[in-house]
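[1] predicted coordinates and the sequence they were generated for:
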Amino acid sequence: MIENKTKKTIIAENFSKKGAFGKIRGLLGEKIPQAIVFNTRFGIHTFFLQFPIDLIILDKNSTVVDFKKGLKPNRIFFWNIKFDTVIELPNGTLEKSKTETGDTILLQEEFRNT
């Protein structure tokens with residue numbers, strides 16, 4: 001679950017954490033937007049994405065330092081390189097959760113025994 005602790009709102013019930021190739025791919029090729037979390041610096045692009053997305057950029061204390069609502073396909077979004085945690089979300093999520101700069105975000109991963 002991704003929670004906005006400041007506003008006491010749920011941003012996403014589920015999310016996946018991406019590393020290596022997964023972060024390069026992000027939501028590219030997906031038909032339905034979903035919440036993903038990964039680390040990268042400097043920026044992302046939405047080339048070949050099929051839908052707009054919301055973005056949250058976090059500092060090392062999980063505080064929102066930047067965000068973008070409704071980033072459309074075929075765009076580029078940059079931020080300060082000292083921040084590297086990115087959350088990609090379905091369009092409209094930031095509006096619903098009232099998330100903004102300065103909010104504290106809590107990422108709670110579910111662990112399943114399989």
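    On my side now, so go ahead.
[2] CA atoms for contacts and neighbours, from now on please.
    Fine.
[3] which one's the longest strand in the protein?
    strand 64-71 (DSSP state E).
[4] elements contacting that one?
    Applying 3 or more CA pairs under 8 Å, 6 or more residues apart in numbering; DSSP states H and E, we find strand 64-71 packed against strand 53-58.
[5] now the angle from the strand it packs on to strand 64-71?
    Angle, strand 53-58 to strand 64-71, by axes from the mean of the first three to the mean of the last three CA atoms, to 10 degrees: 170 degrees.
[6] can you list the strands that strand 53-58 pairs with?
    In the sheet, strand 53-58 lines up against strand 64-71 (antiparallel), strand 85-90 (antiparallel) (DSSP bridges).
[7] which parts of the longest one are buried?
    Think strand 64-71. 64-67, 69-71 (16 or more other CA atoms under 10 Å).
[8] give me the low-pLDDT residue ranges for the protein?
    For the chain, residues meeting the criterion pLDDT under 70 lie at 19-31, 110-114.
[9] list the residues that contact the residue nearest the centre of the chain.
    Most central in the chain under CA atoms, centre = their mean is I87, positioned 1.4 Å from the mean C-alpha point. If a contact means CA atoms under 8 Å, 6 or more residues apart in numbering, then I87 has 35-38, 55-57 as its contacts.
[10] what do you get for N74?
    By CA under 8 Å, 6+ apart, the neighbours of N74 are 45-49.
[11] F83: which of those residues is nearest?
    H45 (16.4 Å; CA to CA).
[12] look up the closest residue to the closest one, ignoring the ones flanking it.
    Spatially, and ignoring its direct neighbours in sequence, H45 is nearest to I76 (4.3 Å; CA to CA, 6 or more residues apart in numbering).
[13] what pairs with the residue nearest to the centre of the chain across the strands?
    Bridge pairing for I87 - DSSP bridges - gives V37, I56.
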